[in-house]
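Colleague: got a predicted structure plus its sequence, pasted below:
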Amino acid sequence: MSSITDSYKANPMKPNLIIPLDFDNVHDVPESHRWTISTEDPVVDPATCSLPLVDLSDPNSTSLKRQACEKWGAFQMINHGIPLNVFEEVEIQTRRLFTLPTQQKLSALRSPDSVTGYGMPHIQTFYPKLMWTEGFQLIGYPMKDATKLWPNQPDQQTNFCDAMEKYQKEMKAFTEKLFGMLLGSLGLTLEDVHWYNSAEGFSKHIAVLSLNSYPVCPDPSHAMGIAPHTDTSLITVLYQSGTTGLQVLQDGVGWVPVTPIAGALVVNLGDLMHMVSNGLSKSILHRAFANNSNHRVSVAYFFGPPSGSEISPLAKLIDHDHPPEFNPVTWKEFLETKTKHFLKAIELLRNKGAAKSSE
Ligand SMILES: C=C1C[C@]23C[C@@]1(O)CC[C@H]2[C@@]12CCC[C@@](C)(C(=O)O1)[C@H]2[C@@H]3C(=O)O
Ligand SMILES: O=C(O)CCC(=O)C(=O)O
Ligand SMILES: [Fe+2]
């Protein structure tokens, strides 16, 4: 069975790029981490332009959701129904992990060809300067890594794993619903999803949980937390711990800061959603910065299709005037393509025949 955990086997990350900076022992931004942030796309005043805010309890929010998918590829949402203590607990455990001594965190270092463990985001490969961040990715109950992170502390291991398991359980139920709602806003239902009734079944969808840390930075205007990227997922649900730093790119406008709203979650629509929706839903380019006063953490849940299921534009969106824009691909295959070609990966999947017939 093909699995996304094998996605990096063909193209492993360079070992030296996986190791984050020893943030405990730096008092300045070293040359290796010093970025010149381009002003070609300016950062806009969030008072003049902001990400749509969707109230999930509002039955009339369908057109707002559709607009958010088509125009932005992202939105914030309130009244999602997930109890706040789930976020408090995941944030406590996330901070506990990242405030461990460097050597202890390195004991759970991700291997070059793997998805899970401690280290720098995979996209580091595509940027010449190093990013001001560290991350920990997990799938399921991460006891193997927890025993390395907290040796001889079984209570701490269990507390960490339990909080992560609980969070993933909440997110799994929630993202399945949210995916249905977003399809609804595009005039579709879950029954229109070809893998929903497949042998693997919808419940076998895959997800990766990513804990992100942006330690306090002495000079944030010359450092990049996480560099511009799109997510490969169908949907990413992001908890940003009430701390500013996230920005999304709006064409012709610039980088729009995503101002944290108490209790709200951010939804990013990813590359696979762009493909499934035959290009209707935008895959949002985003980045995040550290700041000089608070240690920013965020928790991203990457919701994707079942392992091995081929993703292709949904049949209901295809007709003579709207040929399929993309060739079928599994999440694993797409991650492999992205590992090699990064932001050009989507273009490589474009169905050239469709482009010709629509010219
Ligand atoms: C399933 C995945 C999404 C992700 C790549 C990964 O294999 C596991 C880590 C994820 C992450 C987290 C930080 C940002 C990101 C772009 C990256 O480099 O690794 C995302 C990946 C993604 O959406 O492509
Ligand atoms: O920390 C953030 O706000 C963004 C994180 C992110 O983009 C990701 O994990 O893919
Ligand atoms: Fe992201």
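Modeller: Nice, I can see it. Ligands and ions are numbered 1, 2, ... in the order given.
Colleague: may I have stretch 5-25 as CSV, with CA atoms only?
Modeller: Output of stretch 5-25 as CSV, limited to C-alpha atoms (Å, rounded to 0.1, in the frame of the first residue of the first chain):
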residue,chain,number,x,y,z
THR,A,5,5.2,8.4,4.9
ASP,A,6,7.2,7.1,1.9
SER,A,7,6.9,10.4,0.0
TYR,A,8,10.4,11.5,0.8
LYS,A,9,12.2,8.2,0.1
ALA,A,10,13.0,9.1,-3.5
ASN,A,11,14.2,12.5,-2.6
PRO,A,12,15.4,12.8,1.0
MET,A,13,16.1,16.1,2.6
LYS,A,14,19.8,17.2,3.1
PRO,A,15,20.6,16.1,6.7
ASN,A,16,22.2,19.5,7.6
LEU,A,17,19.0,21.3,6.6
ILE,A,18,16.9,19.3,9.0
ILE,A,19,18.6,20.6,12.1
PRO,A,20,17.1,23.8,13.5
LEU,A,21,19.2,26.7,14.9
ASP,A,22,20.2,26.3,18.6
PHE,A,23,17.8,29.0,19.6
ASP,A,24,18.8,28.8,23.3
ASN,A,25,22.2,30.1,22.4
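Colleague: from here on, call the first residue 26.
Modeller: Shifting the count to begin at 26 puts that one at stretch 30-50.
Colleague: mean confidence for it?
Modeller: Computed over stretch 30-50, the mean pLDDT rounds to 95.
Colleague: quick check: buried residues in that stretch?
Modeller: Residues 30-33, 36, 38, 42-46, 48 are the ones in stretch 30-50 that count as buried (16 or more other Cβ atoms under 10 Å). No exception for glycine: its C-beta is placed from N, CA and C like everyone else's.
Colleague: go on, stretch 97-105?
Modeller: Along stretch 97-105, these residues count as buried under the neighbour rule (16+ other Cβ under 10 Å): 97-102, 105.
Colleague: on that earlier part again, so which of the buried residues of stretch 30-50 belong to helices?
Modeller: Within the buried residues of stretch 30-50, residues falling in helices by DSSP state H are 42-43.
Colleague: the buried residues of stretch 30-50: which two are farthest apart?
Modeller: 31 and 48 (31.0 Å; Cβ to Cβ).
Colleague: redo the buried residues of stretch 30-50 as JSON lines? Include distance to residue 211.
Modeller: Putting these into JSON lines (distance: Cβ to Cβ, whole Å) gives the following:
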{"residue": "30", "distance to residue 211": "30"}
{"residue": "31", "distance to residue 211": "31"}
{"residue": "32", "distance to residue 211": "27"}
{"residue": "33", "distance to residue 211": "32"}
{"residue": "36", "distance to residue 211": "33"}
{"residue": "38", "distance to residue 211": "35"}
{"residue": "42", "distance to residue 211": "38"}
{"residue": "43", "distance to residue 211": "38"}
{"residue": "44", "distance to residue 211": "42"}
{"residue": "45", "distance to residue 211": "39"}
{"residue": "46", "distance to residue 211": "42"}
{"residue": "48", "distance to residue 211": "42"}
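Colleague: from the buried residues of stretch 30-50, which is closest to ligand 2?
Modeller: Distance to ligand 2, by Cβ to the nearest ligand atom, is smallest for residue 45 among the buried residues of stretch 30-50, at 14.5 Å.
Colleague: so what's the gap between stretch 266-274 and the chain middle?
Modeller: 13 Å (Cα atoms, centre = their mean, to the nearest Å).
Colleague: measure how buried residue 303 is and give me the count.
Modeller: The local packing of residue 303 (other Cβ atoms under 10 Å) involves 22 other residues.
Colleague: how near is the nearest residue to residue 83 once chain neighbours are set aside to ligand 1?
Modeller: Spatial nearest neighbour of residue 83, excluding adjacent residues (Cβ to Cβ, 6 or more residues apart in numbering): residue 104 at 7.7 Å. Plainly put, residue 104 is 26 Å away from ligand 1 if you go by Cβ to the nearest ligand atom, to the nearest Å.
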